[in-house]
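K.L.:
With the input below, show me the fold.
(chains A, B, C and D)
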Number of protein chains: 2
Amino acid sequence: MNIGEIARRAGVSRSTVSYALSGKRPVSEDTRRRIQQVVDELGYRPSASARALANGRTSTIGLVFPPAGNHYTGMQLDFIGSVVEAAAAHDYDVLLSPSGVDSDRSFQRLLGERRVDGAILMEIRLEDDRVDHLAALDFPAVAIGRTAHPERGWWVGLDHTALAAACVHHLADLGHRRVAFVNRPEQLLRAGYESAHRGLDGFTKAAAERGLTVRTYCCGDDAASGQACLEQILHDDPATTAVVTLNEAALGGLYGGLAKAGRHVPRDFSVTGVVASRWAETVTPQLTAADVPAAELGRRAVDLLVERLDHPGASPRHHLLAPPISLRASTGPAGGTSFAQAQTPTHPYS
Amino acid sequence: MNIGEIARRAGVSRSTVSYALSGKRPVSEDTRRRIQQVVDELGYRPSASARALANGRTSTIGLVFPPAGNHYTGMQLDFIGSVVEAAAAHDYDVLLSPSGVDSDRSFQRLLGERRVDGAILMEIRLEDDRVDHLAALDFPAVAIGRTAHPERGWWVGLDHTALAAACVHHLADLGHRRVAFVNRPEQLLRAGYESAHRGLDGFTKAAAERGLTVRTYCCGDDAASGQACLEQILHDDPATTAVVTLNEAALGGLYGGLAKAGRHVPRDFSVTGVVASRWAETVTPQLTAADVPAAELGRRAVDLLVERLDHPGASPRHHLLAPPISLRASTGPAGGTSFAQAQTPTHPYS
DNA sequence: TCACTTCATCGAACCGGTTCGGCGAAGCTA
DNA sequence: TAGCTTCGCCGAACCGGTTCGATGAAGTGA
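P.N.:
Next comes the predicted model:
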């Protein structure tokens, strides 16, 4: 079941079999057919390890994803799925690497032992030693997210600043004046997660621009924290009429808190944010939100990585996406007057 | 940066370096230290491909997971995460394989090209050709789920029959007489997905045993389908007072539909089912449900697989889990009387 | 001092592919 | 028919590890 066996049965040399299968040198039609027939009969497939050893490429890309300790979000699952599918389309396999407690160890496995040709990194921080490390090694990698120095790297990212700002403008256009911001957990913000930072920035600046009164909160990645956070918001400023959130996992809790407080969405209170569409559609009423195009990000990351692998030395490229806000049913005008949702915005946010 | 370079710098032969690092033959303390020093200085790590080629083991396991076409559930993400972590603990990497449209192709990659030492299969069907195929090849694999012939294989699974039955008994104990069942999509049921089949079985039998009036529904894996399904349920039998669901993704829609119909949970209507705890806690009120121990299933699957890899020829083993129902806030006595949730059940379901 | 064991190390073969240089036969030109 | 090119294939080396058998030096006992 190795190439020598095929060669023997087809009555040719091993190299001829190799060339017949790879097409890298011409082989007479006659012998090619003979070899192919033997291959088909025996169901022969070349060993990935041997091939990787010989030509120095594993046809595998590493996906460095956050440890299980963090709660996974729907977004991350969509990333993984789309990365795997896109990679398969380019004939690459995907090796998962937990960048968990012992992240050095798994990095050593991926890079040191040369298990992968390139890597895709998730959950980027503004100052990210992993990104710096890979850049220093000139190892082909693409980040899903921007560091503080995005010009130097390969990445695909979401314009969290613009998205959070768009949410603010949307609410301001609806007449809301007192708005709260529900961020990811404080621990992640302190660790420098880019979405938490840039989202907060975008929110703060846009709110200042529109002269809104705001409060910002960090909130654990679970429903209970969301509910507690909302109670805190209403306690701190009962006149709050809207929230913007980046926290998918807390969303259910926010809604729960509003229900408990007797605030009807969207009549008494508006909710919006940056959330994967699948989650935005899960809650009732469905969330008006900037839909995170997770699958597209994953696909584009793979495309960039494959491009980088095919053209070593190419100059850095990136994609910054800013999807429009999808109007659903969770926002309405401030003041409780109920009129049609589809009014014309006075500020362009899509 | 290969073993020859290390050998040269340490003034020994390649084989000595290999033995010093693997410990498979004694090496004098003196030379061992010298080799180790060179290794540390250069940050040498042996190439995974070369090692795999030489000793025939890749230290990688394949995780065959459903295509992105299906909506991913929180459960699946937890599987993936726990499998990766458990594999890392055993010094294995995890290669993702989409068992999608072109599942033969990715199987060929995994097995034919010998990229993995073993495999873990998700989303098992009662009659599953993948399981049969791997069993016929005697390829080390562990299924997360049981086929119709579980005695022959290696698997970890959830006792969906018992879990669905426990939900029925729970509702019956609360006095519910007219109960609906919300299954996964019809397409999956027809395809023979075991959770859909066994869950339906358990529900039906337990309901018959308790003399309940039931209706069963299939429902798409998304919120909109869930809402539509609930409307259908109330249309078909407005006297329905409870549902049991296996469909995580439809849960939000079911709640939405109930809210829209003006049925208060749990006062007017009870909801329960088999759902990962993270999702059960997301909805308001939190779902009383049999929590799917996804992380534990993943971990156990890896443990079984590693055991099988370490002891070829061992006889099949498996784990069948039946977690208890976690009482939360989505079920209450039939008839709308509101009393404390924590009453003593008359039927043992935990 | 010689025969025998033990210990540390080496050289070579092997895993299963890829790739380079070369060689003989056939085809073409003169 | 000699000389040259082209075509199709072969043999050998190589990728970077692991492993087996052998070898020489040191240690042991008679």
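
K.L.:
quick one, what contacts residue A:52?
P.N.:
Counting by Cβ atoms under 8 Å, 6 or more residues apart in numbering or on different chains, residue A:52 makes contact with A:58, A:59, B:49. Glycine gets a C-beta too; all of them are placed from N, C-alpha and C.

K.L.:
Tell me the one among these nearest to residue A:148.
P.N.:
Within the contacts of residue A:52, distances to residue A:148 taken as Cβ to Cβ reach their minimum at residue A:58, with 31.5 Å.

K.L.:
neighbours around that closest one, how many?
P.N.:
24 (other Cβ atoms under 10 Å in any protein chain shown).

K.L.:
which residues touch it?
P.N.:
With Cβ under 8 Å, 6+ apart as the criterion, the residues that contact residue A:58 are A:48, A:52, A:114, A:115, A:116, A:117, B:49.

K.L.:
measure it to residue B:4 for me?
P.N.:
21 Å (Cβ to Cβ, to the nearest Å).

K.L.:
Residue A:9 now?
P.N.:
The gap separating residue A:9 from residue B:4 is 35 Å, by Cβ to Cβ.

K.L.:
Check residue A:299 too.
P.N.:
For residue A:299, the distance to residue B:4 under the criterion Cβ to Cβ works out to 41 Å.

K.L.:
So for these two, which residue has more residues nearby?
P.N.:
Taking other Cβ under 10 Å, residue A:299 and residue B:4 do not tie; residue A:299 has more neighbours (19 against 11).

K.L.:
wouldn't the more buried one be in contact with residue A:82 here?
P.N.:
Yes. Residue A:299 lies in contact with residue A:82 (Cβ atoms under 8 Å); the separation is 5.2 Å.

K.L.:
What is the neighbour count of whichever residue of the stretch 51-200 of chain A sits closest to chain B?
P.N.:
Closest approach between the stretch 51-200 of chain A and chain B, counting by Cβ to the nearest Cβ: residue A:112, at 3.4 Å. A total of 17 residues lie near residue A:112 under the criterion other Cβ under 10 Å.

K.L.:
if I pick it, what's in contact with it?
P.N.:
B:43, B:45.

K.L.:
where's it relative to residue B:85, distance?
P.N.:
For residue A:112, the distance to residue B:85 (Cβ to Cβ) stands at 20 Å.

K.L.:
Then residue A:91?
P.N.:
Distance from residue A:91 to residue B:85, counting by Cβ to Cβ: 28 Å.

K.L.:
more neighbours, the two?
P.N.:
When neighbours are counted by other Cβ under 10 Å, residue B:85 comes out ahead of the other of residue A:91 and residue B:85, with 21 against 10.

K.L.:
which residue ranges form the strands in the stretch 151-300 of chain A?
P.N.:
Assigned by DSSP state E, counting those that start in this stretch, the stretch 151-300 of chain A shows strands spanning A:155-158, A:178-183, A:213-218, A:242-245, A:270-275, A:288-291.

K.L.:
CA-only coordinates of the fifth one in PDB, if you can.
P.N.:
It stands for strand A:270-275. The C-alpha atoms that make up strand A:270-275 are tabulated as PDB, following Å, rounded to 0.1, in the frame of the first residue of the first chain:
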ATOM      1  CA  SER A 270     -34.400  50.000  23.200                       C
ATOM      2  CA  VAL A 271     -31.700  47.400  22.900                       C
ATOM      3  CA  THR A 272     -29.100  47.200  20.200                       C
ATOM      4  CA  GLY A 273     -25.500  46.200  19.700                       C
ATOM      5  CA  VAL A 274     -23.000  44.100  17.800                       C
ATOM      6  CA  VAL A 275     -24.100  40.500  17.700                       C
END
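
K.L.:
Please name every helix or strand in contact with that strand.
P.N.:
Counting contacts by 3 or more Cβ pairs under 8 Å, 6 or more residues apart in numbering or on different chains; DSSP states H and E, strand A:270-275 is packed against helix A:160-173, strand A:242-245, helix A:251-260, strand A:288-291.

K.L.:
Give me whichever of the ones you listed is most buried.
P.N.:
Compared across the helices and strands packed on strand A:270-275, strand A:242-245 shows the largest average neighbour count, a mean of 28 (mean count of other Cβ atoms under 10 Å in any protein chain shown).
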